[in-house]
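Student: could you work out the structure for the sequence below:
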Amino acid sequence: MSSTLANWSKRILDTGDHKLAYRLDMEGLSLSYGEASCDVSRNEAQILRHLALAPDRQLAYWQLLDLLSWEVTDENLHRLMNKMYRLRKKLAPITGDANTIKSIRNEGYNLQISLVVF
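Tutor: Model prediction:
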């Protein structure tokens, strides 16, 4: 799966002018749009990157738990839900929407914005 994600990453990186796109800086750990930006943690950046590169920008709970190297347990599922809640709140001032990451009931999460990964 990692080689497939690398291919998607290359495809996204090579798509023209990104000045007006949401930009995720993996080295600087920030998300920006125009002049607005916010810092994200390494885990948050990984979550956003993998959501952006996934088919239909959607990942299942177990895929996100695996990405974070967390076992699939009820406790860790609640930890993931809290992390996603906090990430939504952090992104809201940049995206103008509190539902930038949509919860898909009993399945996972869907990223509602296009994101360029650098």
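Student: C-alpha only now, for contacts and for neighbours.
Tutor: Noted.
Student: assign the residue nearest to the spatial centre of the chain to helix, strand or coil.
Tutor: In the chain, the centroid-proximal residue (C-alpha atoms, centre = their mean) is residue 48; its distance is 1.3 Å. Three-state assignment for residue 48 (DSSP: H, G, I helix; E, B strand; the rest coil): helix.
Student: could you number the chain from 53 rather than 1 from now on?
Tutor: Yep, numbering from 53; the last one is residue 100 now.
Student: residue boundaries of the strands in this structure?
Tutor: Ranges of strands within the chain are 74-77, 82-85, 88-91, 110-112, 153-156, 160-163, 167-169, based on DSSP state E.
Student: now render those as a markdown table, adding mean pLDDT, distance to residue 147 and mean neighbour count.
Tutor: Listed next are those as a markdown table, based on pLDDT from 0 to 100; distance: least, C-alpha to C-alpha, whole Å; neighbours: other C-alpha atoms under 10 Å:
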| stretch | mean pLDDT | distance to residue 147 | mean neighbour count |
| --- | --- | --- | --- |
| strand 74-77 | 94 | 8 | 20 |
| strand 82-85 | 93 | 8 | 20 |
| strand 88-91 | 94 | 9 | 15 |
| strand 110-112 | 97 | 18 | 20 |
| strand 153-156 | 95 | 11 | 17 |
| strand 160-163 | 97 | 12 | 20 |
| strand 167-169 | 91 | 11 | 22 |
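Student: closest one to residue 118 among these?
Tutor: strand 110-112 (10.0 Å; C-alpha to C-alpha).
Student: what about the closest one, distance to the chain center?
Tutor: Centroid displacement of strand 110-112 relative to its chain, using C-alpha atoms, centre = their mean, to the nearest Å, is 10 Å.
Student: so how many other residues sit close to residue 138?
Tutor: The number of residues packed near residue 138 is 12, by other C-alpha atoms under 10 Å.
Student: now it: how far from residue 108?
Tutor: As judged by C-alpha to C-alpha, to the nearest Å, residue 138 and residue 108 stand 22 Å apart.
Student: before we move on, what about residue 83?
Tutor: For residue 83, the distance to residue 108 equals 20 Å [C-alpha to C-alpha].
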